[in-house]
Structure formats: structure tokens, C-alpha cells
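1. Could you work out the structure for the sequence below:
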Amino acid sequence: MIIALTGTPGTGKTTICGILSEHSQYRKQFHIIDLNKIVLGEKLYTGKDETRDTYEADMDKLEERVKQVISQVPQGMDIIMEGHLSHLLPSDVIIVLRTHPVALRKRLGKRKNYSFSKVKENANAEALDVILVESVERSKNVFEINTTDINPLAVVKSVIAIIESRKQGKTPDGYLPGKLNWIEQVEL
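-> Have a look, this model is predicted:
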């Protein structure tokens, strides 16, 4: 199964995949593909947006490269594509990590490479459900996890619960999208 683990920067994607990679039980079950590492490391971008201080990923090249990586993954392993663009690539399941915009501002504000405007842009994107909406437009198998006030290990358990439910043909109703509404948090 191919899982897109996505969400606005700062919602916990890298932390969750780090936990999955560190535990021997999960290491045998999941192959993690770090999309940001591929984009930056292999220069799979079309340019840099200097104003927003971001690279513009070449999605066609990224998709081809990810297909190559997937073809080399041992049979029987589930693949987790980690990154805020993962929902734009072919997958069986999309899991969107969500964080309340106020908490997200605090998390991103601690990052030295995030300007005030970049923090605000990402918090607004979260309040407007940008990644969730893009995900729902692409797939019927979209689930969301609110990471605002829960321990990363609890998020890992939720991610695994979603994956295991889908592998059994079940829908984990507790994670269906649409329960979170942070629109009042948008800063104009």
C-alpha cells in the first residue's frame, strides 16, 4: 500500500516518520520516502521563489523518481511518502496531519529559516484547509489526524490504525475529514 503522509509544514510529518524509522517493528513494515530530501538533494525543482523562500518542485520529475524508488522497495512493505506535496502524487491512502493554526504559528516561529510572513502564510493555509481540500479533490481515501495536543506516539498509533483499517477494507470513521474548522483563525 502507498500512503501519502501530508500536511502543512510543522504538523508533525517528519517527527512521525522519524519514529517509524527508529523502531525495528515499524522499520520492517514501512519504507519511508522523504520527498523534500529527494526534491532538494536531486535538484528536482524548476526554480526558487525568493519572496516566499521556497523551491518550486518539478512534480513530473518527482513523480517519476518516486516511481523508481517504489519499484525497488521489498515486496510486502507499505510505502509512506512524507512531505507536504505527497498528496499530489499517486497513492492508495492520504493521511493529512492537522494542527490548530495558533499552535502551528508557535511551532513554525521556532524555525530559524521561517520568516514572519512564511509562518503567517502556512498558518493561514492550515486555517483554510488548503492541503485537506487538495487531498479530497484527488482521492476518496483521505483521513485527517489533529496533532495539536497529542503525543507523537499517539499520532503514530493513529497513522497505523488508519493504514491497517484500509488494508482490511474498513473505513476508520474517527479520522474522516471535515471535523476540524479553523477558518476563524485566518489572519488577513
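2. I'd like the C-alpha coordinates of the helix or strand bottoming out on mean pLDDT in the chain written as CSV, please.
-> In the chain, no helix or strand scores lower on mean pLDDT, DSSP states H and E than helix 24-27, which sits at a mean of 84. Coordinates of each C-alpha in helix 24-27 appear next as CSV, following Å, rounded to 0.1, in the frame of the first residue of the first chain:
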residue,chain,number,x,y,z
SER,A,24,12.6,-2.1,14.5
GLN,A,25,9.0,-3.3,14.4
TYR,A,26,7.9,-0.4,12.1
ARG,A,27,11.2,-0.4,10.0
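3. how near is K170 to G12?
-> Counting by C-beta to C-beta, to the nearest Å, the gap from K170 to G12 is 24 Å. (Glycine included, C-beta is placed from N, CA and C.)
4. Looking at those two now, which is surrounded by more residues?
-> Counted by other C-beta atoms under 10 Å, K170 and G12 do not tie: G12 has more neighbours, with 23 against 10.
5. by contact count, what packs against whatever helix or strand comes next after the least confident helix or strand of the chain?
-> Note on helix 24-27: by DSSP states H and E, the next helix or strand toward the C-terminus is strand 30-34. Contacts defined by 3 or more C-beta pairs under 8 Å, 6 or more residues apart in numbering; DSSP states H and E place strand 30-34 against helix 13-22, helix 59-71, strand 78-82.
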